[in-house]
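> Sharing a model that was predicted from the sequence below.
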Amino acid sequence: MSYQLLILLLAVVIGLYLFRIYRKAAKVDQKLIPEEETTEQVLAKQVPFYQKLSAPEQQVFEERVQLFLHKIKITPINNAAVTMQDRVLIAAAGIIPLFRFKNWMYNNLNEVLVYPDRFNKDYELEGNERDVVGMVGDGAMHRTMILSLPYLRAGFANDTDSNTAIHEFVHLLDKSDGATDGIPEAILQDDNVKPWISLMHEYIKEIRQHDITDINPYGATNEAEFFAVVSEYFFQQPERLQEHHPELYTLLNAAFNRTADTE
Ligand SMILES: [Zn+2]
């Protein structure tokens with residue numbers, strides 16, 4: 001037998017051996033993957049907002065989730081392990097803030113990029129100051145949202161007043177009138193604009209002075225962050241918000257739960 005032939009034979013044997021290992025690993029992996037859930041099952045299990053809806057409303061919610069997934073591209077970045085469940089959660093976070101507006105879809109969004117971890121302000125996954133968990137893009141990233149996968153999941157996993165994905169979609173809603181300024185002209189009734197602005201400024205001041213402690217202090221960064229943070233609270237724990245901050249609750253409820261149609 002020639003030297004080259006021996007090498008070739010050896011390579012084939014090693015190749016077959018590795019292939020067996022690979023097949024074994026693949027089999028184990030398959031067992032670990034849970035059976036595919038339906039959209040309805042994911043919503044029923046993980047989305048409290050959906051759980052509280054009536055049966056006909058749940059039907060509408062599911063349809064809108066499907067429409068969202070049909071219209072908006074969801075792209076995993078750097079091998080983020082985005083599952084079908086994650087896609088449903090992203091769509092749910094998008095539908096929740098505008099559920100009462102029958103014909104509304106985000107016209108200022110084409111794509112959601114899902115990062116495997118936190119990132120920095122230049123959308124990088126490496127280096128220092130990777131403190132961003134979600135972002136609505138500007139400039140070249142216009143019409144793009146970025147979410148960090150672990151934070152997307154955490155927002156739906158715990159009974160907390162925070163939800164990163166809802167926060168970012170509220171920014172988009174705020175942005176739809178041309179300015180991300182904490183004043184959502186598209187949903188706020190004209191009569192409520194002034195009361196909203198003055199209440200918002202009062203709250204920002206009180207949060208900065210530590211007079212209010214149950215609202216995420218990040219909300220005192222500026223008006224846009226205030227609106228996004230208290231909206232998270234409103235959708236995650238409405239009863240608690242109503243109890244602790246009735247005036248704030250009333251204005252948010254008037255904005256988000258308005259029954260009239262908008263385009
Ligand atoms: Zn924000």
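Everything's here; your move.

> which secondary structure element contains V114?
Per DSSP states H and E: V114 is located in strand 111-115.

> For stretch 59-78, which residues meet the burial criterion?
Applying a neighbour-count criterion of 16 or more other C-beta atoms under 10 Å, one finds F61, E62, R64, V65, F68, L69, I72, I74, P76 buried in stretch 59-78. Where C-beta positions appear, they are placed from N, C-alpha and C, glycine not excepted.

> out of those, who's nearest G127?
Top of the list for closeness to G127, among the buried residues of stretch 59-78 and by C-beta to C-beta, is P76 at 21.0 Å.

> quick one: contacts for that closest one?
V82, V114, P116 (C-beta atoms under 8 Å, 6 or more residues apart in numbering).

> now the residue positioned nearest the centre of the chain, nearest residue through space, not along the chain?
Residue closest to the average C-alpha location in the chain (C-alpha atoms, centre = their mean): A165, at 1.8 Å. Closest residue to A165 apart from its sequence neighbours, by C-beta to C-beta, 6 or more residues apart in numbering: A93 at 3.4 Å.

> re the thing from before, could you point out the helix or strand that follows the strand holding V114?
Sequence-wise, the next helix or strand downstream of strand 111-115 (DSSP H and E) is strand 134-136.

> Parallel or antiparallel, which strands does that next one pair with?
The pairing partners recorded for strand 134-136 under DSSP bridges are strand 144-148 (antiparallel).

> got a list of contacts for the strand it pairs with?
Residues from elsewhere that reach strand 144-148 (C-beta under 8 Å, 6+ apart): 90, 109-119, 123, 132-137, 164-165, 168-169, 172.

> quick one, it and strand 111-115 angle?
Following axes from the mean of the first three to the mean of the last three C-alpha atoms, to 10 degrees, one obtains 30 degrees for the angle between strand 144-148 and strand 111-115.

> what about strand 144-148, near the ion?
No: if you take C-beta under 5 Å from the ion as the test, strand 144-148 misses the ion, and the best it gets is 11.2 Å.

> chain center to that strand: distance?
For strand 144-148, the separation from the chain centroid amounts to 8 Å (computed by C-alpha atoms, centre = their mean, to the nearest Å).

> Separate out the buried members of the contacts of strand 144-148.
90, 109, 112-116, 119, 123, 132-136, 164-165, 168-169, 172.

> How about the contacts made by A179?
So A179 contacts nothing (C-beta under 8 Å, 6+ apart).

> contacting residues around E232?
E232 touches D161, S162, N163, I166, H167, V170, N216, counting by C-beta under 8 Å, 6+ apart.

> Could you tell me the model confidence score at the residue lying closest to the third one once chain neighbours are set aside?
Spatial nearest neighbour of N163, chain neighbours left out: G155 (3.5 Å); criterion: C-beta to C-beta, 6+ apart. Looking at G155, its pLDDT is 95.

> Can you classify G155 as helix, strand or coil?
What DSSP: H, G, I helix; E, B strand; the rest coil gives for G155 is helix.

> how close does it sit to the ion?
13 Å (C-beta to the ion, to the nearest Å).

> Over to I212?
From I212 to the ion the distance is 18 Å (C-beta to the ion).

> hang on, the earlier thing: quick check: which element contains the residue nearest to A165?
helix 84-95.

> Centre of the chain to that helix, how far?
That offset, for helix 84-95, works out to 7 Å (C-alpha atoms, centre = their mean).
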